[in-house]
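J.: let's see this in three dimensions:
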Amino acid sequence: MAEQKPTDAELEILQILWKHGPSTVRFVHDQLAKTKDTGYTTTLKNMQNMVQKKMLTRNEEARSHIYQPELKQQETQGMLLNKFLDSTFGGSAGKLVMQALGNNKTSKEELEQIKALINKLEGGKP
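T.: Below is the predicted model:
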């Protein structure tokens, strides 16, 4: 996996490819267009740059080129989270969790999942 951090635009493209699998530029652009105003050529250029950075691969066998992510979702999210945790919370996962839970947007179901995870980490039953 490349150790470089994807830009916000690159991360949006990766999210689409992780969710939908290998796709054309047109498909990725149409998905992006649902939430932001961006030109097709901008999407194309971003994806071409991502191929050069080895974030994506391009299959040129079909008439429409198919792009797929080279970066693994879990590894990329972990790397981004670690960088965020270090730069924003001084490496303290506890501070991050306290801040996130303090925003009053956590559902009861999410709290139950968090409690189960804590119990599991402490060696109890999930």
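J.: least confident secondary structure element in this structure?
T.: Least confident helix or strand, the chain: helix 93-101 with a mean of 86, by mean pLDDT, DSSP states H and E.
J.: could you pull out the strands for this structure?
T.: Taking DSSP state E to define them, one finds strands in the chain at 56-59, 66-69.
J.: so for Met79, which of these sits nearest?
T.: For those, the distance to Met79 is smallest for strand 66-69, at 13.9 Å, taking CB to CB. Any C-beta I mention is one placed from the backbone N, CA and C, and that applies to glycine too.
J.: how about the closest one: buried residues?
T.: In terms of neighbour count (16 or more other CB atoms under 10 Å), strand 66-69 has its buried residues at Ile66, Tyr67, Pro69.
J.: next: stretch 7-20.
T.: Neighbour count says stretch 7-20 has Ala9, Glu10, Leu11, Glu12, Ile13, Leu14, Gln15, Ile16, Leu17, Trp18 buried, by 16+ other CB under 10 Å.
J.: residues making contact with that stretch?
T.: With CB atoms under 8 Å, 6 or more residues apart in numbering as the test, stretch 7-20 has contacts from 6, 23, 27-28, 31-32, 36, 43, 46-47, 49-50, 55-56, 67-69, 71, 73, 76, 80.
J.: and the buried ones among the residues you listed, selectable in PyMOL?
T.: This is the PyMOL syntax for the buried subset of the contacts of stretch 7-20, where burial follows 16+ other CB under 10 Å:
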select buried, resi 6+23+27+28+31+32+43+46+47+50+55+56+67+69+71+76
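J.: chain center to the top helix by length along the chain: distance?
T.: Taking DSSP state H as the criterion, the chain has its longest helix at helix 73-89. Here helix 73-89 is found 10 Å from its chain centre; the criterion is CA atoms, centre = their mean, to the nearest Å.
J.: give me the mean pLDDT for it.
T.: Helix 73-89 shows a mean pLDDT of 92 in the predicted model.
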